[in-house]
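Visitor: Give me a 3D structure for the following:
(one chain, ligands or ions: 1)
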Amino acid sequence: MKLEKICVLGLGYIGLPTASTFASHAIKVVGVDVNPHVVQSLQNGQLHIYEPGLRTMVLSAVQSGNLVIKSRPEAADAFIIAVPTPFKEEKKADLTYVESAAESIVPYLRKGNLVVLESTSPPLTTTQIIAPILEKSGLIAGVDFMLAYSPERVLPGQILRELIENARVIGGIDRASAEAGRELYKTFVRGDIILTDATTAEMVKLMENTYRDVNIAIANEFSRLADRFGVDVWEAIQIANLHPRVNILNPGPGVGGHCISVDPWFLVEAAPDITPLILNARQVNDNQPAFVTELVERALGRNLAGSRIAVLGLAYKPDVDDMRESPAVEIAHKLIDAGCLVQAFDPFVPGKEVQGIQTVASLQEAILGVDIIVLLVAHQEFKKLTPAAINQENKTAVILDTVNGWPAADFEAAGHRFFRLGVG
Ligand SMILES: NC(=O)c1ccc[n+]([C@@H]2O[C@H](COP(=O)([O-])OP(=O)(O)OC[C@H]3O[C@@H](n4cnc5c(N)ncnc54)[C@H](O)[C@@H]3O)[C@@H](O)[C@H]2O)c1
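Guide: Okay, the predicted model is just below:
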């Protein structure tokens with residue numbers, strides 16, 4: 001199979017690293033995005049997202065001439081779809097981006113092409129949604145062109161390394177499609193490449209994220225139980241995990257991001273009659289921000305209305321700039337709605353507006369004059385904070401740590417009342 005030129009549709013957290021990694025392995029890549037801001041920024045050498053090492057890689061891929069940025073696809077040997085698959089209000093998968101990306105390939109599809117869907121998708125999307133759209137070209141999937149599903153499993157913050165090192169699952173609509181996928185990805189993948197069918201590959205991705213979600217839900221529920229029974233959940237988890245077959249994850253302020261808080265809904269939607277556990281786990285994690293908001297009120301020891309609160313971190317996890325579905329953002333909104341004066345700061349978006357929350361420009365500004373400091377994201381910058389540094393701006397604030405990021409004893413010794421999620 002000829003693989004000299006590929007077209008990557010969607011230049012976000014997944015598509016841009018994928019496009020530039022292929023380009024840095026001597027493949028001609030057309031990177032396509034429908035968002036004019038994304039196309040213009042990249043054409044001007046600016047990145048619209050942050051991922052360590054990505055800027056250097058994209059700039060050199062563009063300079064080498066192997067990566068060109070366009071607003072629509074063109075003829076190529078292979079097409080990779082890496083567009084968003086969010087959910088709609090009612091927690092149903094929104095496949096409009098995936099569908100329109102597939103539609104946009106139709107005029108350029110040629111005999112012998114390979115199309116790979118990377119976007120996380122409900123079971124049967126590749127065979128029942130993507131194949132029929134591509135067949136509008138008059139070509140037949142599995143006969144004239146090959147079609148595969150290959151989930152992306154990289155960790156934001158580590159994407160460039162994991163793209164290469166992680167095992168990659170490639171599910172073909174037939175064996176030839178899976179093998180063509182292997183030909184394509186072995187350009188740069190050093191981990192195992194596992195071939196399977198398209199629907200199994202779709203399920204694998206959803207099962208991985210659902211497994212994480214359910215396990216975080218139980219940790220979150222344990223944090224509430226510990227809170228009620230006067231136990232330190234962090235210590236209890238550490239002890240329980242000494243058991244050779246137990247590995248409890250960490251509780252926290254909730255579950256966010258584009259994947260774990262979204263993907264389980266695709267299974268619930270696809271088969272609501274047989275997924276009560278998955279649904280309940282989603283609800284437990286979705287309710288955790290409300291539990292944290294209650295904790296803020298308890299730690300303050302008075303009504304939230306009129307309180308001045310430093311919210312440290314808005315991202316959905318440490319050391320990334322991704323605020324999608326972030327529980328920290330939800331907690332900030334809940335506090336604002338309860339009448340608090342919120343001084344939010346996230347080192348990845350200093351001074352910017354995040355989903356209606358105007359953040360302050362610096363940590364010092366965030367903690368100045370507040371009644372309570374709430375640590376919501378264990379960004380390195382926050383974890384390094386010492387009580388002495390906090391005391392320079394604020395000696396009296398109550399501290400609430402929801403991520404086990406700070407040593408209680410040090411803060412208490414410095415004169416702060418200290419609370420931690422899951423410590424009753
Ligand atoms: N971000 C992650 O960590 C991660 C990890 C694993 C899997 N995924 C999955 O990968 C997929 C992409 O996620 P992401 O985080 O890269 O999304 P993203 O929002 O960062 O980027 C998607 C890009 O696609 C563009 N786009 C939308 N419709 C398009 C179209 N028809 N043609 C071309 N471009 C189009 C958007 O403008 C956007 O720039 C999703 O299904 C997601 O669930 C993401």
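Visitor: Tell me the residues of this protein that contact the ligand?
Guide: 9-15, 32-35, 38, 82-85, 97, 100-101, 104, 118-120, 152, 154, 156, 258-259 (C-beta under 6 Å from any ligand atom). Every C-beta, even on glycine, is put in place using the N, C-alpha and C of the backbone.
Visitor: top helix in this structure by residue count?
Guide: helix 198-229 (DSSP state H).
Visitor: How far does it sit from its chain's centre?
Guide: Between the centre of helix 198-229 and the centre of its chain there are 15 Å (C-alpha atoms, centre = their mean, to the nearest Å).
Visitor: Who are the packing partners of it?
Guide: For helix 198-229, the packing partners by 3 or more C-beta pairs under 8 Å, 6 or more residues apart in numbering; DSSP states H and E come out as strand 146-149, strand 168-172, helix 233-240, helix 263-270, helix 276-300.
Visitor: Averaged pLDDT, the fourth one. What do you get?
Guide: Put plainly, it is helix 263-270. Mean pLDDT, computed over helix 263-270, is 96.
Visitor: Who are the packing partners of that helix?
Guide: So helix 263-270, by 3+ C-beta pairs under 8 Å, 6+ apart, packs with helix 198-229, helix 276-300.
Visitor: do the same with the shortest one
Guide: In terms of contacts (3+ C-beta pairs under 8 Å, 6+ apart), strand 146-149 is packed against strand 114-117, strand 168-172, helix 175-185, helix 198-229.
Visitor: ok, the residue in the chain positioned nearest to the ligand - contacts?
Guide: Residue of the chain nearest the ligand, by C-beta to the nearest ligand atom: residue 12 (1.7 Å). Residues near residue 12 by C-beta atoms under 8 Å, 6 or more residues apart in numbering: 33, 38, 49, 82-84.
Visitor: ChimeraX command to pick out the buried ones of these?
Guide: Here is the ChimeraX selection string for the buried members of the contacts of residue 12, based on 16 or more other C-beta atoms under 10 Å:
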select :33,38,49,82,83,84
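Visitor: For residue 148, give the beta-bridge partners.
Guide: According to DSSP bridges, the partner residues bridging residue 148 are residue 116, residue 172.
Visitor: How many residues are close by it?
Guide: 33 (other C-beta atoms under 10 Å).
Visitor: Now do stretch 329-345: everything it contacts.
Guide: Stretch 329-345 is contacted by residues 253-254, 256, 289-290, 292-293, 296-297, 304-314, 323, 354-363, 365-368, 370, 374, 376 when judged by C-beta under 8 Å, 6+ apart.
Visitor: For that stretch, buried residues please.
Guide: So stretch 329-345, judged by 16+ other C-beta under 10 Å, has buried residues 329-336, 338, 340, 342-345.
Visitor: If it's not too much trouble, I'd like those residues exported to CSV so that secondary structure and pLDDT sit alongside each entry.
Guide: Output for the buried residues of stretch 329-345, formatted as CSV (DSSP: H, G, I helix; E, B strand; the rest coil; pLDDT from 0 to 100):
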residue, secondary structure, pLDDT
329, helix, 98
330, helix, 98
331, helix, 98
332, helix, 98
333, helix, 98
334, helix, 98
335, helix, 98
336, helix, 98
338, coil, 98
340, coil, 97
342, strand, 98
343, strand, 98
344, strand, 98
345, strand, 98
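Visitor: Widest-spaced pair of those?
Guide: Spatial extent of the buried residues of stretch 329-345 (C-beta to C-beta) is set by the pair 338 and 345 at 19.4 Å.
Visitor: Look at the spatially closest residue to residue 33 that is not a sequence neighbour and give its secondary structure.
Guide: Residue nearest to residue 33 in three dimensions, not counting chain neighbours: residue 11, with 4.2 Å by C-beta to C-beta, 6 or more residues apart in numbering. Residue 11 falls in the coil class when you classify it by DSSP: H, G, I helix; E, B strand; the rest coil.
Visitor: Domains in the protein, by residue range?
Guide: The chain breaks down into these domains under automatic domain parsing: 5-191, 197-424.
Visitor: Quick one: distance of the first one to the chain centre.
Guide: So the one you mean is domain 5-191. 17 Å.
Visitor: Now do the end-to-end distance for stretch 115-122.
Guide: 18 Å (C-alpha to C-alpha, to the nearest Å).
Visitor: what about residue 255, neighbour count?
Guide: Neighbour count of residue 255, defined by other C-beta under 10 Å: 28.
Visitor: How about the one 3 residues further on?
Guide: Look at residue 258: counted by other C-beta under 10 Å, it has 19 neighbours.
Visitor: excluding its backbone neighbours, what's nearest it?
Guide: residue 324 (4.9 Å).
Visitor: and what of residue 197?
Guide: residue 171 (5.2 Å).
Visitor: Okay, buried residues for the longest helix of the chain please.
Guide: 198-199, 201-206, 208-210, 212-214, 216-217, 219-224, 226-227.
Visitor: ditto for stretch 174-185
Guide: Under 16+ other C-beta under 10 Å, the buried positions of stretch 174-185 are 174, 177-185.
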